[in-house]
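*Asks:* Starting from these lines, generate the structure:
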Amino acid sequence: MTQSDQMRFDNAASMPAVTWRSWFPGIDNDDRTLREVLATLPAAPPQAIPWIVRAFENPRGWLHLHGAVDLHGHDMIHVLLGRGLLGQDEAFVIGFTMGATKAVSRVEAGIFKMIASRVYPHPYRIPWRTLAAYDLGLEAGRELAAPNLHRRLRDDMLDRPLGETRRTLGIDTRRLRDYFARERRRLPDTAASRRLPIDDGPGDRRPLRTAA
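*Replies:* Residues are numbered from 1 along each chain as shown. Presented below is the predicted three-dimensional model:
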């Protein structure tokens, strides 16, 4: 466990209990810092992650895919994208991270989807249907993020306003909402979709409301 992981674990332990299912940072928090929001994330030490997940998603994994990042960096991306910890959220975050490398082939994307939906153990397995969120994340990462987002994350970003860090990394939350709106239309009945911001589609800039 790194020092940053331990700090997050200690901070979370001192806060009111939040389940991994209910944790949701959202994107209306540009004035907060990464450190503040990470402190609310239900913590799990890296060794709790199954070996098969680490093999594909950790940069030290022997089968790691494009965009593989350590747990600390992965958590940072969850906050930057305003996504929770449900399988559909994970699909979008992983897709976005891989897409931001600008180097993922259709074959590699297909391999990940097969592994994540059929080989990963519960609760890390992502149902095939909700991998539509992965496809959207992949597209969004290619379009919205600075190249190789996973390599641009630095600990000196932890105490800067999230809005500033998002701009530095090319993450435009207004355009991100458009992807969330598309996701809601493709997966309208899931818990992950119901808590995403509601938008009426690309190009619509009217005030957004939050799903109940």
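*Asks:* First-to-last residue distance for stretch 123-132?
*Replies:* Chord length of stretch 123-132, first to last residue, is 18 Å (CA to CA, to the nearest Å).
*Asks:* so how far is that stretch off the chain centroid?
*Replies:* 14 Å (CA atoms, centre = their mean, to the nearest Å).
*Asks:* Which residues does it contact?
*Replies:* Contacts to stretch 123-132, defined as CB atoms under 8 Å, 6 or more residues apart in numbering, come from residues 49-50, 53, 87-88, 90-91, 113, 116-120, 134, 183, 186-187, 190, 192. All C-beta atoms are positioned from the backbone trio N, CA, C, and that covers glycine.
*Asks:* What pLDDT is listed against N58?
*Replies:* The model reports N58 with a pLDDT of 82.
*Asks:* and the gap between the nearest residue to it once chain neighbours are set aside and E139?
*Replies:* Distances taken as CB to CB, 6 or more residues apart in numbering place A68 nearest to N58, at 5.8 Å, with adjacent residues excluded. A68 is 19 Å from E139, where distance means CB to CB, to the nearest Å.
*Asks:* now do R32
*Replies:* Using CB to CB, we find R32 at a distance of 27 Å from E139.
*Asks:* Pull out the buried positions in the helix or strand where K113 lies.
*Replies:* Using DSSP states H and E, K113 sits within helix 106-118. In terms of neighbour count (16 or more other CB atoms under 10 Å), helix 106-118 has its buried residues at A109, F112, K113, I115, A116, S117.
*Asks:* hang on, the earlier thing: mind listing what the residue nearest to N58 touches?
*Replies:* F56, E57, N58, P59, G61, H150.
*Asks:* Now do the helices in this protein.
*Replies:* 3-13, 34-38, 51-57, 71-81, 87-99, 106-118, 132-144, 149-152, 162-168, 173-186, 191-194 (DSSP state H).
*Asks:* The residue nearest to the spatial centre of the chain and D159: what is the separation?
*Replies:* For the chain, V93 is the residue whose C-alpha lies nearest the centre (CA atoms, centre = their mean; 2.9 Å). Taking CB to CB as the measure, V93 falls 22 Å from D159.
*Asks:* cool, and L63?
*Replies:* From L63 across to D159, the span is 35 Å (CB to CB).
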